[in-house]
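K.L.:
sharing a model that was predicted from the sequence below.
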Amino acid sequence: MPKLSQPFSDQPIADWIALFQQSKSADERLRALQAIGSRGQTAETEQWATYGLDDADPTIKALAARLLSATTTTAAVDPATRLVSLLNDEDPDVRFEAARALIRRKSKHAAAARPVLLTFLDETETQPLMLAAVTNLLAEIDLDPATSVNELLLRLKKLFGHDRGEVREAAAIAFAKWPAMATECSDLLLPLLDDSEPLVREKIAESLGQAGVNNDAIRAGLQAATDDEDTEVARVARLALDRLNTAGGRSSP
């Protein structure tokens with residue numbers, strides 16, 4: 001069995017595959033799978049990433065699932081069943097990466113990933129970057145308006161009070177995708193037009209325009225946002241106002 005320590009580009013892919021299959025060292029298997037993902041053809045990456053889902057090491061399982069989230073070919077062995085089983089893995093990174101792979105691969109089992117992702121939002125120990133990643137991943141799922149309100153509204157409203165900008169950005173992106181949520185709490189969103197993060201301001205302006213709640217406070221907030229120092233925020237705010245003016249926005253006191 002080859003013992004490989006040089007850069008990925010200096011070794012034949014066949015040697016990395018052999019190391020991945022045969023090494024008893026988790027560190028060596030991890031490096032080998034990284035090399036396969038970096039240098040292998042798509043079919044090779046998918047084949048050996050699927051193989052890696054059964055590894056004993058959680059870091060390798062998580063990497064294997066992450067690699068599969070970027071491939072869409074049909075493998076000889078469909079990884080979906082194994083990915084679903086990893087949604088119950090004791091390691092949170094494995095659970096997240098399995099959920100991401102099912103969603104990104106548009107698997108027919110992708111719905112099984114949703115409750116796992118919601119659990120991350122409910123756990124107080126979930127780290128900020130994970131909160132943002134989970135929320136962004138949820139925004140890739142096609143949900144009907146009622147489901148978005150019932151499952152996400154209360155969870156995402158809490159994120160707007162987070163001190164990390166990327167967490168607030170992820171929540172704002174989700175509200176822009178599902179305007180039914182913005183309709184339920186437009187007054188809460190209005191102060192976010194002054195958030196320190198431009199992307200938050202932009203997505204909140206977009207969501208307010210889509211929600212169609214047309215009252216003086218919202219119109220005044222969007223009007224002020226048309227003068228935002230960020231040109232994209234200003235542009236989106238103008239579009240939101242135009243939408244309220246021309247698309248029959250609902251009147252509200």
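P.N.:
Perfect, I can see it now. Numbers count the residues shown, from 1 in each chain.

K.L.:
and the gap between the closest residue to S23 other than its chain neighbours and L86?
P.N.:
Spatial nearest neighbour of S23, chain neighbours left out: R29 (5.2 Å); criterion: CB to CB, 6 or more residues apart in numbering. Just so you know, the C-beta spots here come from the backbone N, C-alpha and C atoms, and that holds for glycine as well. Applying CB to CB, to the nearest Å, the value for R29 to L86 is 17 Å.

K.L.:
more neighbours: which of these two?
P.N.:
L86 (25 against 22; other CB atoms under 10 Å).

K.L.:
contacting residues around the more buried one?
P.N.:
53, 61, 65, 94-95, 97-98 (CB atoms under 8 Å, 6 or more residues apart in numbering).

K.L.:
ok, and the most crowded of these?
P.N.:
Ranking those using other CB under 10 Å puts A98 first, with 31 neighbours.

K.L.:
which elements pack onto the helix or strand it falls within?
P.N.:
Using DSSP states H and E, A98 falls within helix 92-104. Contacts defined by 3 or more CB pairs under 8 Å, 6 or more residues apart in numbering; DSSP states H and E place helix 92-104 against helix 58-68, helix 80-86, helix 113-122, helix 128-138.

K.L.:
looking at the contacts of L86, which one is closest to L121?
P.N.:
R95 (13.1 Å; CB to CB).

K.L.:
how near is the closest one to D78?
P.N.:
Distance from R95 to D78, by CB to CB: 20 Å.

K.L.:
now do G165
P.N.:
Taking CB to CB as the measure, G165 falls 39 Å from D78.

K.L.:
okay, these two: which has more neighbours?
P.N.:
Neighbour count, other CB under 10 Å: between G165 and D78, G165 has more, with 16 against 13.

K.L.:
which residues touch the closest residue to the more buried one other than its chain neighbours?
P.N.:
Closest residue in space to G165, ignoring its immediate chain neighbours: E197 at 4.2 Å, by CB to CB, 6+ apart. When contacts are counted by CB under 8 Å, 6+ apart, E197 touches 165, 168-169.

K.L.:
next, E197: phi, psi?
P.N.:
For E197, the backbone dihedrals (degrees, to the nearest 10) come out as phi -100, psi 120.

K.L.:
V213 too?
P.N.:
The phi/psi pair for V213 (degrees, to the nearest 10) is phi -80, psi 110.

K.L.:
quick check: the nearest residue to it once chain neighbours are set aside vs R164, distance?
P.N.:
In space, and not counting its chain neighbours, V213 is closest to S186: 4.4 Å by CB to CB, 6+ apart. Note on S186: its distance to R164, by CB to CB, is 24 Å.

K.L.:
more neighbours: which of those two?
P.N.:
S186 (22 against 15).

K.L.:
hang on, isn't that one packed against L208?
P.N.:
Yes. Using CB atoms under 8 Å, S186 is in contact with L208, at 6.2 Å.

K.L.:
quick revisit: host element of the residue nearest to S23?
P.N.:
Using DSSP H and E, the element containing R29 is helix 26-39.

K.L.:
the next helix-or-strand element following that helix vs helix 26-39, what angle?
P.N.:
Using DSSP H and E, the helix or strand that follows helix 26-39 towards the C-terminus is helix 42-52. Orientation of helix 42-52 against helix 26-39 (axes from the mean of the first three to the mean of the last three CA atoms, to 10 degrees) gives an angle of 160 degrees.

K.L.:
ok, residues contacting helix 42-52?
P.N.:
13, 17, 20-21, 29, 33, 36-37, 40, 60-61, 63-65, 67-68, 71, 73, 75-77, 79, 82.
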